[in-house]
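Visitor: below is the structure, and that's it, no one-letter string:
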């Protein structure tokens, strides 16, 4: 099968996995550049500009299936819509779309409403589709300054309070996407891709402490403290607002439910948070 995949933390590993199983894979990138892993497996790179519909149609042409993931940009709906309409124009026969848990027209946060708007465009194209809806990613612990403060202060900070979230490893999302792209029977399905456990940041801190061999603390901060820290670090206002909202729904427990879709599709348990930390220990070690 000829498959084209939007690059990123989910898309790039997905492209490599698909290539390893014999599919012809193209990876969309802002600017093609040498990539030993892709080159070794024959994964092609093509430029894909979310602000230039013609570039997207040209990239998508000649492929059968498309893994669609819109980067977190201010014009999210317009960018996602353009990519989906470009896929229809290019003759794509199947789309797997990465969305977000809780997406809907009346979602309590803006990101959920944004994702739903693009999902609706996808449904209206008539192209067979599958939508993947994960909550927060475990890989978020690799950003937002968390490794740095764990190394320098034995602590990390969030406005999530004691809320539990069924966080998922992006490697499991990639693995699920690999299945639904090439298998039949997933058309029209919406899958909630959670981890196999729901945990708070205090419980995450206990895992870090045990595996790093020193006491790590989660420090709860207010929404306003989080907002000011992000703005002070140069985060745009629109993105700051989205992240603060994610903290609010996590704190309220709206992302705590553990769903069976990952295990049902992969026929194995989801990656645990402990395994995620073990796999990334050098990032958090002093």
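Guide: It's in. Bear in mind the structure is a predicted one, so any value in this text is a computation, not a measurement.
Visitor: mind listing the helices for the protein?
Guide: 11-20, 36-41, 53-60, 76-90, 110-125, 146-153, 170-182, 201-212, 223-232, 237-251, 261-266, 273-279, 281-284 (DSSP state H).
Visitor: pretty sure residue 244 is touching residue 229, no?
Guide: No - counting by Cβ atoms under 8 Å, residue 229 is not a contact partner of residue 244; they are 10.6 Å apart. Where C-beta positions appear, they are placed from N, C-alpha and C, glycine not excepted.
Visitor: in stretch 83-100, what's buried?
Guide: 83-88, 90, 92, 94-100 (16 or more other Cβ atoms under 10 Å).
Visitor: quick one: which two of those residues are the most distant?
Guide: 90 and 100 (25.1 Å; Cβ to Cβ).
Visitor: what do residue 244 and residue 229 both touch?
Guide: Any residue near both residue 244 and residue 229 by Cβ atoms under 8 Å, 6 or more residues apart in numbering counts here, and not one turns up.
Visitor: before we move on, the earlier item: could you dump the helices of the chain into TSV and include mean pLDDT and distance to residue 137?
Guide: Formatted as TSV, the helices of the chain follow (pLDDT from 0 to 100; distance: least, Cβ to Cβ, whole Å):
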stretch	mean pLDDT	distance to residue 137
helix 11-20	96	13
helix 36-41	94	21
helix 53-60	94	25
helix 76-90	97	17
helix 110-125	98	13
helix 146-153	97	12
helix 170-182	98	5
helix 201-212	98	13
helix 223-232	96	18
helix 237-251	96	11
helix 261-266	98	13
helix 273-279	98	10
helix 281-284	97	15
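Visitor: got those helices as TSV, with distance to residue 27 columns?
Guide: Compiled in TSV, the helices of the chain are given as follows (distance: least, Cβ to Cβ, whole Å):
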stretch	distance to residue 27
helix 11-20	5
helix 36-41	6
helix 53-60	10
helix 76-90	14
helix 110-125	21
helix 146-153	27
helix 170-182	13
helix 201-212	31
helix 223-232	30
helix 237-251	25
helix 261-266	22
helix 273-279	23
helix 281-284	24
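Visitor: show me the one of the ones you listed that comes nearest residue 162.
Guide: helix 201-212 (6.6 Å).
Visitor: just the angle between that closest one and helix 146-153, please?
Guide: 70 degrees (axes from the mean of the first three to the mean of the last three Cα atoms, to 10 degrees).
Visitor: compare the helices of the chain and give me the one nearest residue 191.
Guide: helix 261-266 (4.2 Å).
Visitor: so what's residue 113 closest to, chain neighbours aside?
Guide: Spatially, and ignoring its direct neighbours in sequence, residue 113 is nearest to residue 107 (4.9 Å; Cβ to Cβ, 6 or more residues apart in numbering).
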